[in-house]
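Asker: just a sequence and a predicted model for now, questions to come.
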Amino acid sequence: MKTLVRVGTAAAVCLMVWGGIAAPAPALAAATATKQSEQAGQAASPSFRLNVDGEASKHKALSVEQVTMLPLSFLNEDLGLTASYDAQAKAIAVKAPNREVVAIADGSDVTVNGHELSKGYTVRQIGGEWYVPLPLLTGHMGYEAHWIADTKTVVLSKIRENDILWTNVSINKETQDVTVTVQYPQLKGLKSGDVEVQINELFAKEAERFVDAALAESKGAFNDIGFQYDYYLDYSMKYNRNDVVSVQFQSYVYQGGAHGIPARTDYTINLNTGKVYTLNDLLQSNPNYKDPINAVVKKGLQEIALYEEGHEFAFRTISDNPSFYVKDEGVVVYFDVYEYTPYAAGFPEFYFRFSALLPELPEGELPF
């Protein structure tokens, strides 16, 4: 697996929050090898109750280096997944309909349907049983989790995702001037074959444009500066429900200097029609939807940028076509690196529930 270490050095620390309790993102714990973790006194690791859709489990979760870990026996017996350890491959495999996760036991390399994840998820052997990190299930296996502080219980629920299969395509090119590493998704199982082709072509063209740009922009780089440029394109699924998907492409380009430049492109798509939504498409029933967004964004950007009171701030309003993706029951509006804030701030994000932006939207409905 090719992982760009430079991305990690510049990325801000992410937190995952359950009911007011924050735990570091799993990538922060991925550097510790399995054997080392077994020797780290895990007998003293806190344990949590587990509950699945209201049913208490006999199994317990463990907290290891502030990451919640689930035993394979729980996945098999309570979640109905097929989870096993392959001693020959030294890997954990977790299988569900349309989904297979493979995690290497002596590191943080993980694939989902062949997609090599850039974020590490370390599996561990504890007390003779293998454990997988909870964020692997909530991020890639179609589950959501809630934390009940009073009873120290992790509650898992299955999300009703679209019944489609996602596969992965990889492109790897290397010249004297550049190394290009690309992954992009393709899907199968849509009701309309024409829409399926349309969406797959959209994703493929995104990847092809990136590769073409990498080859063109890097031409002569080695002779000019003495080393290769590095171009990296990956993707993540932000939403996969209610016949809609929100897919985010993340790129990273290094051409020398202290750090490279990350960028994002998002597609929120109706799987029945192939329509690519703009934010205005989703919120147009409220002609004043920009007002509450602008108020929150301006305050948040000023805080991130550490602007002093009384100083002029560049942000006025979101554009007619701002960057966004769908998440849960709302949208995340975000801004590019350097657009309003320093590099270290990354991509400032602001989440808004549809119900807050569309007061006339019937309870429980979405604007799709």
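Answerer: Thanks, I have it. Numbering: from 1, shown residues only.
Asker: the host helix or strand of residue 48: partners in the sheet, and parallel or antiparallel?
Answerer: Taking DSSP states H and E as the definition, residue 48 sits inside strand 47-52. Take DSSP bridges as the rule and strand 47-52 pairs in its sheet with strand 55-64 (antiparallel), strand 153-158 (parallel).
Asker: quick check: buried residues in that strand?
Answerer: Buried residues in strand 47-52, defined by neighbour count with 16 or more other Cβ atoms under 10 Å: 48, 49, 50, 51, 52. Yep, even glycine has a C-beta here, placed from its N, CA and C like the rest.
Asker: can you redo those residues as a markdown table with pLDDT?
Answerer: A markdown table is the format used below for these (pLDDT from 0 to 100):
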| residue | pLDDT |
| --- | --- |
| 48 | 94 |
| 49 | 97 |
| 50 | 97 |
| 51 | 97 |
| 52 | 97 |
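Asker: which single one of those residues is nearest to residue 72?
Answerer: Distance to residue 72 across the buried residues of strand 47-52 (Cβ to Cβ) is lowest for residue 50, with 13.1 Å.
Asker: for the closest one, which residues make a bridge with it?
Answerer: For residue 50, the beta-bridge partners under DSSP bridges are residue 154.
Asker: right, and it touches residue 154 too?
Answerer: Yes. Between residue 50 and residue 154 there is a contact at 5.7 Å, judged by Cβ atoms under 8 Å.
Asker: what sits in contact with each of the two?
Answerer: Residues touching both residue 50 and residue 154 (Cβ atoms under 8 Å, 6 or more residues apart in numbering): residue 61.
Asker: quick one: residue 55 from residue 156, how far?
Answerer: Going from residue 55 to residue 156 by Cβ to Cβ, to the nearest Å gives 10 Å.
Asker: how about residue 146?
Answerer: On the measure of Cβ to Cβ, residue 146 and residue 156 end up 8 Å apart.
Asker: looking at these two, which is more packed in?
Answerer: Neighbour count, other Cβ atoms under 10 Å: between residue 146 and residue 156, residue 156 has more, with 21 against 12.
Asker: follow-up on the earlier one: for residue 167, which of the strands paired with strand 47-52 is the nearest?
Answerer: Nearest to residue 167 among the strands paired with strand 47-52 is strand 153-158 (22.1 Å), distances taken as Cβ to Cβ.
Asker: ok now that closest one, how far from the chain's centre?
Answerer: In terms of Cα atoms, centre = their mean, to the nearest Å, the centre of strand 153-158 is found 20 Å from the chain centre.
Asker: paired strands for the next helix or strand after it, with orientation please.
Answerer: Using DSSP H and E, the helix or strand that follows strand 153-158 towards the C-terminus is strand 165-174. Under the criterion DSSP bridges, strand 165-174 sits next to strand 178-188 (antiparallel) in its sheet.
Asker: quick one: the strand it pairs with to chain centroid distance?
Answerer: Per Cα atoms, centre = their mean, the centroid offset for strand 178-188 relative to its chain is 16 Å.
Asker: ditto for stretch 233-249
Answerer: Its chain's C-alpha centre and that of stretch 233-249 lie 9 Å apart, by Cα atoms, centre = their mean.
Asker: pull out the buried positions in that stretch.
Answerer: Buried residues in stretch 233-249, defined by neighbour count with 16+ other Cβ under 10 Å: 233-241, 244-249.
Asker: what's the answer for stretch 117-136, then?
Answerer: 117-126, 130-136.
Asker: would you confirm that residue 263 contacts residue 251?
Answerer: Yes. Using Cβ under 8 Å, residue 263 makes contact with residue 251 at a distance of 4.8 Å.
Asker: ok, back up a step: packed most tightly, which of the strands paired with strand 47-52 would that be?
Answerer: With neighbours defined as mean count of other Cβ atoms under 10 Å, the strands paired with strand 47-52 peak in mean count at strand 153-158, which reaches a mean of 18.
Asker: contacting residues around that one?
Answerer: For strand 153-158, contacts defined as Cβ under 8 Å, 6+ apart pick out 18, 48-53, 61, 68, 79, 134, 137, 142-148.
Asker: now with 7 Å, please.
Answerer: 48-53, 61, 68, 134, 142-148 (Cβ atoms under 7 Å, 6 or more residues apart in numbering).
Asker: tell me the one of those residues nearest residue 294?
Answerer: residue 144 (29.9 Å).
Asker: show me what contacts the closest one?
Answerer: 138, 157, 159.
Asker: pLDDT below threshold where in this protein?
Answerer: The chain contains residues with pLDDT under 70 at 1-44, 306-313.
Asker: for it, what's the longest helix?
Answerer: In the chain, with assignment by DSSP state H, the single longest helix is helix 193-217.
Asker: so how far is that helix off the chain centroid?
Answerer: Per Cα atoms, centre = their mean, the centroid offset for helix 193-217 relative to its chain is 20 Å.
Asker: for that helix, name the packing helices and strands.
Answerer: Packing contacts for helix 193-217, counted by 3 or more Cβ pairs under 7 Å, 6 or more residues apart in numbering; DSSP states H and E, involve strand 165-174, strand 178-188, strand 229-241, strand 261-270.
Asker: turn the ones you listed into JSON lines, including distance to residue 195.
Answerer: Below are these laid out as JSON lines (distance: least, Cβ to Cβ, whole Å):
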{"stretch": "strand 165-174", "distance to residue 195": "15"}
{"stretch": "strand 178-188", "distance to residue 195": "10"}
{"stretch": "strand 229-241", "distance to residue 195": "16"}
{"stretch": "strand 261-270", "distance to residue 195": "9"}
